[in-house]
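1. What follows is a predicted structure for the sequence shown.
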Amino acid sequence: MAQLPKIRSQLVGINVPVGERIASVAVGGVLAAIGLRRKTIGGALLATLGGALVVRGATGHCVFYRMRAVRKGIEVRRSVTVQASPHEVYELWRDLRNLPRFMAHVKSVELEPGGVSAWTVDEGGRQLTWRAEIIEEEPGRRLRWRSLPGGDLDHEGILDLHEAPGARGTVVEVRLRYRPPGGVVVAGMLSGLLREMPGLQLAEELARLRMLIETGELATGMRRPAEVRP
C-alpha cells in the first residue's frame, strides 16, 4: 500500500495502481453495457463513462491523477551522515556556487546582487535556467531557497543539518521540489526530463558531498571538483 501514492503521483507513464485498474475495467464494462441497452441520451452518457473507465483501467493512465501530480511537482528527499560539523557543511553549501562541484545535474550557480542566484541545469539533454532567492536561513541548521517567476522550472530546496547521535558527525538532509510552470502541457513536452528528475541521483550526489568534505577531493570515476571556495 505504501507504493500507491507514488504511483498516483507519477507525471509520465502508468499512474493507476493495479487494483484500481481492475476495478475500472470491471465497473466500466458494466456501465457501458447498461448504457448501450437503454438507447437514450442518459444511456449514451453512461456508456461513454463506462468506456472511459475501461480505457483508464486498460492503459493505467488517469488524467486527474496526472493534473494533481503536476500541481504538486516532483519531490526528492535524501540524507547522508558526514564527518564534519554542521557549521562546516553549512558554509560549503551556503555559497551556492559550490553546488556544481558535487551535484552532477547542476551546471552552474552564479550569484547576483540582492541575494539572488542564477541556476543552469543540464537534464535529459536540455539546459534549463532559473533565478532563485534565499527565503530561510539559520546558519549551521537550515537553508531554504526557491525560484523566482519566469524560469524554465519552479524549484524549491531545503537543506537541514543536525548532529548525528554519538558525535558521529552531521546528518545532512536535502529536499528538492520541481514543478513545470506550464502545467500539463509543459509536463508532456518535458516527459523525458520529468521521468529522470525524481531520481536526480541525489543519494550519489550527497555521497560526493561527503567525500568532498571529508577528503577534499572526489575519487577517480567521479566528477572531480575544482578547489572548494571558502
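-> Sure, I can see it.

2. chain center to stretch 119-133, what's the gap?
-> 14 Å (Cα atoms, centre = their mean, to the nearest Å).

3. Likewise for stretch 14-21?
-> For stretch 14-21 - counting by Cα atoms, centre = their mean - the centre lies 21 Å from the chain centre.

4. Show me what counts as buried in that stretch.
-> 15-17, 20-21 (16 or more other Cβ atoms under 10 Å). All C-beta spots, glycine's among them, are computed from the backbone N, C-alpha and C.

5. Hmm, which of those is lowest in pLDDT?
-> Lowest in pLDDT among the buried residues of stretch 14-21 is Asn15, which has 80.

6. ok, and Leu206, which helix or strand is that part of?
-> Assessed by DSSP states H and E, Leu206 sits inside helix 202-215.

7. possible to save the buried residues of stretch 14-21 as CSV with secondary structure and distance to Ser79?
-> Formatted as CSV, those follow (DSSP: H, G, I helix; E, B strand; the rest coil; distance: Cβ to Cβ, whole Å):
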residue, secondary structure, distance to Ser79
Asn15, coil, 27
Val16, coil, 31
Pro17, coil, 28
Glu20, helix, 32
Arg21, helix, 34
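
8. got the residues you listed as a markdown table, with distance to Ala47 columns?
-> Output for the buried residues of stretch 14-21, formatted as a markdown table (distance: Cβ to Cβ, whole Å):
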| residue | distance to Ala47 |
| --- | --- |
| Asn15 | 25 |
| Val16 | 21 |
| Pro17 | 25 |
| Glu20 | 21 |
| Arg21 | 20 |
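
9. Let me know the closest of these to Arg77.
-> Of all those, Arg77 sits closest to Asn15, with 20.1 Å by Cβ to Cβ.

10. Enumerate the helices of this protein by residue range, in sequence order.
-> 4-8, 18-38, 41-59, 63-72, 86-94, 183-189, 191-196, 202-215 (DSSP state H).

11. So which elements touch the second one?
-> Pointing back at helix 18-38 there. Applying 3 or more Cβ pairs under 8 Å, 6 or more residues apart in numbering; DSSP states H and E, one finds that helix 18-38 contacts helix 41-59.

12. Please identify the buried residues of the helix it packs on?
-> Buried, per 16+ other Cβ under 10 Å, within helix 41-59: 46-47, 50-51, 53-54, 56-57.

13. ditto for stretch 113-127
-> 117-119, 121, 123.

14. ok, and what's touching that stretch?
-> 96, 105-112, 128-134, 145, 147-148, 151, 153, 155, 190, 192-193, 196-197 (Cβ atoms under 8 Å, 6 or more residues apart in numbering).

15. mind running it again at 7 Å?
-> Stretch 113-127 is contacted by residues 96, 105-112, 128-134, 192-193, 196-197 when judged by Cβ atoms under 7 Å, 6 or more residues apart in numbering.

16. ends of stretch 59-76, how far apart?
-> 27 Å (Cα to Cα, to the nearest Å).

17. Quick check: Thr170 touching Glu163?
-> Yes: between Thr170 and Glu163 there is a contact under Cβ atoms under 7 Å: 6.2 Å.

18. Neighbour count for the two, which is higher?
-> Set Thr170 next to Glu163 and count neighbours by other Cβ atoms under 10 Å: Thr170 wins out with 23 against 12.
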